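Asks: How does the following fold in three dimensions:
(2 chains, ligands or ions: 6)
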Amino acid sequence: MANKIPRVPVREQDPNKRKTNFEEVCFGYNTEEASLEATRCIQCKKPRCVDACPVSINIPKFINAVSEGNHADAARIIAEDSSLPAVCGRVCPQESQCEGSCILGVKGEPVSIGKLERFVADYSRDHNVDLGKPGPRNGYKVAIVGSGPAGLSCANDLAKMGYFVKIFEALHKPGGVLEYGIPEFRLPKERVVKHEIDNLRKLGVEIETDVVIGRTITIDQLLNQEGFHAVFLGSGAGLPKFMHIPGENLNGVVSANEFLTRNNLMKAFDTTYDTPIYIGKRVAVVGGGNVAIDAARTAIRLGSDVSLIYRRSEKELPARVEEVHHAKQEGLEFHMLTNPIEILGTDTGWVKSIRCLKMELGEPDKSGRRSPVEIPNSEFNIEVDVVIMSLGTSPNPLIASTTPGLEVNKWKCIVADDQGQTKREGVFAGGDAVTGAATVILAMGAGRKAAKAIDTYVTKKFKK
Amino acid sequence: MFKIVSKRLLAPHIYLMDIEAPRVAKAALPGQFVIVRVHEKGERIPLTIADYNAEAGTVTIVTQTVGASTRLICAKEEGEFLLDFVGPLGMPSELVNETDEQLRARKILFIAGGVGTAPVYPQVKYLHGRGVKVDVIIGAKGKDALIFQDEMKSVANEVFVATDDGSVGFKGLVTDLLKDLVQNRGKQYDLVVTIGPMIMMKFVAALTRELNIHTIASLNTLMVDGTGMCGACRVSIGNEIKFTCVDGPEFDAHLVNFDEAMRRQNMYRTIEGVKDKELEEKDHKCKIGRDGK
Ligand SMILES: Cc1cc2nc3c(=O)[nH]c(=O)nc-3n(C[C@H](O)[C@H](O)[C@H](O)COP(=O)(O)OP(=O)(O)OC[C@H]3O[C@@H](n4cnc5c(N)ncnc54)[C@H](O)[C@@H]3O)c2cc1C
Ligand SMILES: Cc1cc2nc3c(=O)[nH]c(=O)nc-3n(C[C@H](O)[C@H](O)[C@H](O)COP(=O)(O)OP(=O)(O)OC[C@H]3O[C@@H](n4cnc5c(N)ncnc54)[C@H](O)[C@@H]3O)c2cc1C
Ligand code: SF4
Ligand code: SF4
Ligand code: FES
Ligand SMILES: [Mg+2]
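Replies: Residues are numbered from 1 along each chain as shown, chains lettered A, B, ... in the order given. Ligands and ions are numbered 1, 2, ... in the order given. Presented below is the predicted three-dimensional model:
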C-alpha cells in the first residue's frame, strides 16, 4: 500500500545551536503539518499499529480526529488509554513499536504516529482540554510505590475507577526516570512531565514525596496500619552497574545515573542551583544504550568534547537510531569495537586517561548479536578527564528485602505474573522493577494491567 | 515541608534542631541518617539522626556549618521549615540485631570526633535502654567545641574527653587517649565504633588493627539521592565496592580504603568553595563563620 504524500518532516533546533543549550531538540508539528501528516493514515480496518502499542491507543481513531481538526476529541481518545501522551510522543521507541508495524512502512515510510500523539498532547495542554472526571469514590484505597511511568499509569486507571490512590515517592520530585534520567532537551520537565503529573492530581491522586518504602514505612505497615487494600510496586531499576576494572573509583569517574541526576533532577547546569557537577574537558562515556547517549549529549551541552566507547559496532548500538543520529550531528565522537580495561589517574587521583582494547565481532551469542572478541596486543589510551559509566541498571533490593513473602529472581527483579500479581497477596508490581530496565511505554502497559488486576482482587476480597 | 520545632547553638558553628517528621521518627534506628533539602534550588544534604522521639514525632539533627548548604540549614530559625526531610536512610547499627545477652557480654567503646559526637549519642542511648553500658571517648579541638558531653554522661558508663589544646580532659588525639586507656589504665574492649572526620577514623582504624579490636566506622561520603541510585557514595570495602547510602553508612573500619574515601570526598571541593564564597559575599552580615572541620 503506497501513499502519495511523503512523511511530513519535523522541524528541529539547529545542531550547532542546540549543542550549547538544554532547550528541546525537536519542535514538533504545527497544526498544518499535523493535519497533513494525519491524512496519510489510511484508517486500516485491522490496524497493526494498535497491536504494536503496549497500551493499545486507538491510533486510527485519534489520527482521524486530527485530520478533521477535532484536536480536543483526539486528546480524549488518547486519554482513554494513556495518561502520559506528551511523554510517549517524545520518547517511545516508535520505530520498533506502533510505527514499526504501520502498514505504510511496508513499502514506504510509516505514519508519524509519535509526532502526532505529541502534537495532540501539547495542544490539549495549551488549550486546557477537559479529559474527564474521576468516577465516584468507591471507598477503597490503593498505595503506589514509585512515581515513574508504571506507578503513574496504574494510579491514573485506579483513580478513574473510583479508588483513592496515594503515590509514595522516595525522591523529592515525582516522575521517576522522566524527572531524574531523561534530559530536558528530549523531555522538558516543567512543560511536559510536571503537567502530566498535575493532570493526575486533578483526578484526586495524592503524591507523598520523601518517603522511602522499606525504610520510612514498610509494605506491611501500608496494608495493616494505613488501611490500604492493595499495593502496587513501580519502583523501577535504578541501581547502576560498574565494570569492576582498576581505576573505577578515581575522582572523575561517575555513573550515568549520577551525572544525569545532578543535571536533570538537581539542575546543576543552571548555576542558580546549588548542586555541583564536575565538567570534563574531554569525556568518555562507556556504553551504548539510550542512557549512554543521553549522558554524552548532556556532557556536550556542558561544553565537553565527548567520545562514546562501545564494545560492539554501531549497528549493534541499543540506543534509538534517531538519538544516535542527533548525537552525531552534535559532534559525539564514536569509538566502536572498543573495550575499556583500566582507568589511569594522576598522582592526586584524578582521571587522566582510559585504557582500551580493540575488539572484533565474532560468532553470534545467545541474544543473536555477534559478540565482541578482543584483538590481542591492541591496547591504546584515550586522554580524558571524566569517565561516565553507563553499563545498565538493576532493581533496588530494598523493598524485596523488607517485604516478607515477596520473591525476586537472580537479576533482583520482583517476580510477578502477566497481570502484575506478585507472590504476596495484595501486592502487585510492574515496570522496570519486574522486567529490568526497559521502556516508558512498557512500564505504563504493566501499570495499566496491574490496575485491572488490583480492581479484580479488591472486588473479590473486600466488596460484598 | 518539615517544621523546625526547636533550635539551639551547641558550640560555635554547630546547631541542634528538632524537626517534625513523624514517619521518620517512628521508623528511625541508631546509625541511620536523613537527607535534607532547604529550598527549591537546594542540594540534598545527608545528616545523621542524632536522636528521635516517636511519640513527639520529632527527629534531632546536629549540623556543623562547613559550606553553602550547611550554612543554609543553620540559618533557618525555630518555627520555619525545611523543604525536604527524608529517611531514615541506610542500615541501622549492627548492634540492634544482637540479643541483650550478646550485647551485655561485649565491651564496647565509642570514639566520637567533633560533630560526630552527635550521631554517637543515639547509639549509646539505645544501648543504655537495653541495659548495656558502654564507654565513650569524645574528641574535640577544645573546650568550646565540645558537644553532647552531659547527654552522653547520662547514658554511658564512662565518658573520656580528649582535646587538641588540653583545655579540658586529656591533651592529645583520641588515638593517644585510647592507647593510654588500654595500655596504662587497664581498659579492655572487643568492639570500637567510631564516628567523626575521615582522617580521625582512619587513624583509629590503624590503631585498633594493631590492638586487634574489631572496629566499625560510619562513613560520610558524598551523596546525591541516598537511595542507591547514583553511586556517588561508593567506597572500597576490602575487595568490594559498596554504596554507603544503602550498604552503610557503617562498615568494618579495617576493610575501608580511607585514603580513597578521603580523596573522593573532596571531588567537588573547588566548585563548592566558589559557591560558598559567593554566598558569603552576598550575605556578609551572616554571623555564622566557617569552620574547616
Ligand atoms: C537516561 C535514560 C533514558 C531513557 N530513555 C528512554 C527513552 O528514550 N524511551 C523509553 O521508552 N525509555 C527510556 N528509558 C527507560 C525508561 O525511562 C524506563 O524504562 C521507565 O522509566 C521505567 O518506569 P518505571 O515506572 O518502572 O520506573 P522508574 O521510572 O525508574 O520510576 C521508579 C520510581 O520509584 C521510586 N522508588 C524506587 N524505590 C522506591 C522506594 N523504596 N520507595 C519509594 N519510591 C521508590 C524511584 O525514586 C523512581 O522515582 C530511559 C531510561 C534512562 C535512565
Ligand atoms: C551519612 C552522612 C552523615 C552525615 N552526618 C552529618 C551530621 O550529622 N552533621 C553534619 O554537620 N554533617 C554530617 N555529614 C556531612 C554533611 O553532609 C556535609 O558537611 C555537607 O553535605 C556539606 O555541604 P555544604 O554545602 O555545607 O559544604 P560543601 O562546601 O559543599 O562541602 C564541604 C565538604 O562536605 C562534603 N560534602 C559536600 N557535599 C556533600 C554531599 N552532598 N554529601 C555528603 N558530603 C558532602 C565534602 O567533603 C565537601 O568537601 C554527614 C554526611 C554523610 C554522608
Ligand atoms: S504510546 Fe508509544 S507505542 Fe503507543 S502509540 Fe504512542 S508512541 Fe506509539
Ligand atoms: S497501520 Fe498505519 S496506516 Fe494503518 S491505521 Fe495504523 S497508522 Fe494508520
Ligand atoms: S548516594 Fe546515590 S547511590 Fe548512594
Ligand atoms: Mg555543598
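Asks: Low-confidence ranges, the chain, go.
Replies: You didn't pick a chain, so chain A it is. Where chain A drops to pLDDT under 70, the residues are A:1-3, A:464.
Asks: Chain B was what I was after
Replies: B:270-293.
Asks: Which residue is the nearest non-sequential neighbour of the most centrally placed residue in it?
Replies: Chain B has B:G116 as the residue nearest its centroid, 3.5 Å off, counting by CA atoms, centre = their mean. Nearest-residue entry for B:G116: B:G196, 3.5 Å, with adjacent residues in sequence omitted and distances by CB to CB, 6 or more residues apart in numbering or on different chains. Yep, even glycine has a C-beta here, placed from its N, CA and C like the rest.
Asks: how long is stretch B:86-104 end to end?
Replies: Taking CA to CA, to the nearest Å, the first and last residues of stretch B:86-104 lie 33 Å apart.
Asks: Let me know whether it sits next to ligand 1.
Replies: No. Using CB under 6 Å from any ligand atom, stretch B:86-104 stays clear of ligand 1, coming no nearer than 9.7 Å.
Asks: circling back: so what's the residue count around the residue nearest to B:G116?
Replies: Neighbour count for B:G196, taken as other CB atoms under 10 Å in any protein chain shown: 25.
Asks: same thing with A:G368?
Replies: Count around A:G368 with other CB under 10 Å applied: 6.
Asks: Please list the residues of the stretch 101-250 of chain B that sit near ligand 4.
Replies: So the stretch 101-250 of chain B never meets ligand 4 (CB under 6 Å from any ligand atom).
Asks: What are the buried residues along the helix of greatest length in chain A?
Replies: Assignment by DSSP state H gives helix A:440-462 as the longest helix of chain A. Judged by neighbour count using 16 or more other CB atoms under 10 Å in any protein chain shown, the buried positions of helix A:440-462 are A:440-451, A:453-455, A:457-458.
Asks: need the contact list for the residue nearest to the centre of chain B.
Replies: Contact analysis of B:G116 by CB atoms under 8 Å, 6 or more residues apart in numbering or on different chains lists B:T194, B:I195, B:G196, B:P197, B:M200, B:S218.
Asks: so how far is ligand 4 from the fourth one?
Replies: Just to be clear, that refers to B:P197. 63 Å (CB to the nearest ligand atom, to the nearest Å).
Asks: Run through the strands of the stretch 151-293 of chain B in chain order.
Replies: B:159-163, B:170-171, B:191-195, B:214-218, B:234-237, B:240-243, B:250-252 (DSSP state E, counting those that start in this stretch).
Asks: Any part of the fifth one near ligand 5?
Replies: No. Between strand B:234-237 and ligand 5, judged by CB under 6 Å from any ligand atom, nothing touches; the nearest distance is 7.3 Å.
Asks: which stretches of the stretch 101-250 of chain B form helices?
Replies: B:117-129, B:149-155, B:174-183, B:198-211, B:244-247 (DSSP state H, counting those that start in this stretch).
Asks: in the sheet, who's paired with the spatially closest residue to A:V427 that is not a sequence neighbour?
Replies: The shortest distance from A:V427 to any non-neighbouring residue, by CB to CB, 6+ apart, is to A:V231 (5.0 Å). Using DSSP bridges, the bridge partners assigned to A:V231 are A:A143, A:V427.
Asks: ok, how many other residues are close to A:V231?
Replies: Residue neighbour count, defined by other CB under 10 Å, stands at 25 for A:V231.
Asks: Please apply the same query to A:R370.
Replies: A:R370: 16 surrounding residues under other CB under 10 Å.
Asks: excluding its backbone neighbours, what's nearest it?
Replies: Distances taken as CB to CB, 6+ apart place A:L361 nearest to A:R370, at 4.1 Å, with adjacent residues excluded.
Asks: Could I get the CA-only coordinates of the helix or strand hosting the one you found as PDB?
Replies: Element membership of A:L361 [criterion: DSSP states H and E] is strand A:351-364. The C-alpha atoms that make up strand A:351-364 are tabulated as PDB, following Å, rounded to 0.1, in the frame of the first residue of the first chain:
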ATOM      1  CA  VAL A 351      41.200  10.600  35.800                       C
ATOM      2  CA  LYS A 352      44.000  11.000  33.200                       C
ATOM      3  CA  SER A 353      43.100   8.500  30.500                       C
ATOM      4  CA  ILE A 354      41.200   5.400  29.800                       C
ATOM      5  CA  ARG A 355      43.000   2.300  28.500                       C
ATOM      6  CA  CYS A 356      41.100   0.300  25.900                       C
ATOM      7  CA  LEU A 357      41.400  -2.800  23.800                       C
ATOM      8  CA  LYS A 358      40.200  -3.100  20.200                       C
ATOM      9  CA  MET A 359      37.600  -5.700  19.500                       C
ATOM     10  CA  GLU A 360      36.300  -7.500  16.500                       C
ATOM     11  CA  LEU A 361      32.900  -9.200  16.000                       C
ATOM     12  CA  GLY A 362      32.900 -13.000  16.400                       C
ATOM     13  CA  GLU A 363      30.100 -15.600  16.400                       C
ATOM     14  CA  PRO A 364      26.500 -14.500  17.300                       C
END
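Asks: With that, I have no additional questions.
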